[in-house]
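In: Here is a sequence together with a model predicted from it:
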Amino acid sequence: NSRGTASLLKDSIPIAELSASGPFECHDLLRRGFTSVKSELLPSHPLELSEKNFQLNQDKTNFDTLRNIQGLHASLKLQMEFRAVKQVQRLPFLHSSNVALDTLRGNDECIGFEDILNDPSQSEVMGEPHMMMEYKLGLL
């Protein structure tokens, strides 16, 4: 055999090509859940987009204020801490409370709508743990 392992891998068919694509593609219910027409509609009110981006806009405003008061280093340090805290997550099938992120934002002492009516034990997003981990690791 004059062919090396690189040529054997090059000749193999990638798994992505075996999946259905094009006009006859079926929706994967296990990974993506049921389709919702409501999520594909345009916002019904002009303030809806503003409310969806409220936390992002508030973070930008806080970073700008911190930069103006204490200098560039304080804003960069806080942004670095935000990114580090956002990367720490639980397994994909478990709910993550993001306590560290709430503490950095100062929301750890506030009781909001999501604290009372967003109980993860009553959530319908729990899926098959093995399949969700394999999908996250790129095995599926």
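Out: Sure, I can see it. Numbering: from 1, shown residues only.
In: contacts and neighbour counts: CA atoms only from here.
Out: Will do.
In: The closest residue to Ala100 other than its chain neighbours is in what secondary structure piece?
Out: Nearest residue to Ala100, sequence neighbours excluded (CA to CA, 6 or more residues apart in numbering): Val85, at 6.5 Å. Here Val85, judged by DSSP states H and E, is contained in helix 72-87.
In: following that helix, which helix or strand comes up?
Out: helix 99-105.
In: other SSEs contacting that next one?
Out: Packing partners of helix 99-105 (3 or more CA pairs under 8 Å, 6 or more residues apart in numbering; DSSP states H and E): helix 72-87.
In: my guess is the residue nearest to Ala100 meets Thr103, correct?
Out: No. Using CA atoms under 8 Å, Val85 makes no contact with Thr103, being 10.3 Å away.
In: higher neighbour count, the two?
Out: More crowded of Val85 and Thr103, by other CA atoms under 10 Å: Val85, with 16 against 11.
In: Okay, now the unreliable bits of the protein?
Out: For the chain, applying pLDDT under 70 flags the ranges 1-25, 27, 31, 36-41, 43, 118-126.
In: Helices of that one, start to end?
Out: Taking DSSP state H, the helices of the chain run over residues 5-11, 15-18, 29-32, 37-40, 48-52, 54-70, 72-87, 99-105, 113-117, 129-136.
In: Might you report the residue contacts of the residue nearest to Ala100?
Out: Asn98, Ala100, Leu101 (CA atoms under 8 Å, 6 or more residues apart in numbering).
In: try Cys110
Out: So Cys110 contacts nothing (CA under 8 Å, 6+ apart).
In: how close does it get to Ile116?
Out: Using CA to CA, to the nearest Å, Cys110 is found at 12 Å from Ile116.
In: what is in contact with the two at once?
Out: If you check Cys110 and Ile116 against CA under 8 Å, 6+ apart, no residue is contacted by both.
In: Just the buried residues of the helix holding Val85, please?
Out: Ser75, Phe82, Val85 (16 or more other CA atoms under 10 Å).
In: Which one of the contacts of Val85 is nearest to Gln70?
Out: Leu101 (21.4 Å; CA to CA).
In: For that closest one, list the residues it contacts.
Out: So Leu101 contacts Phe82, Val85, Lys86 (CA under 8 Å, 6+ apart).
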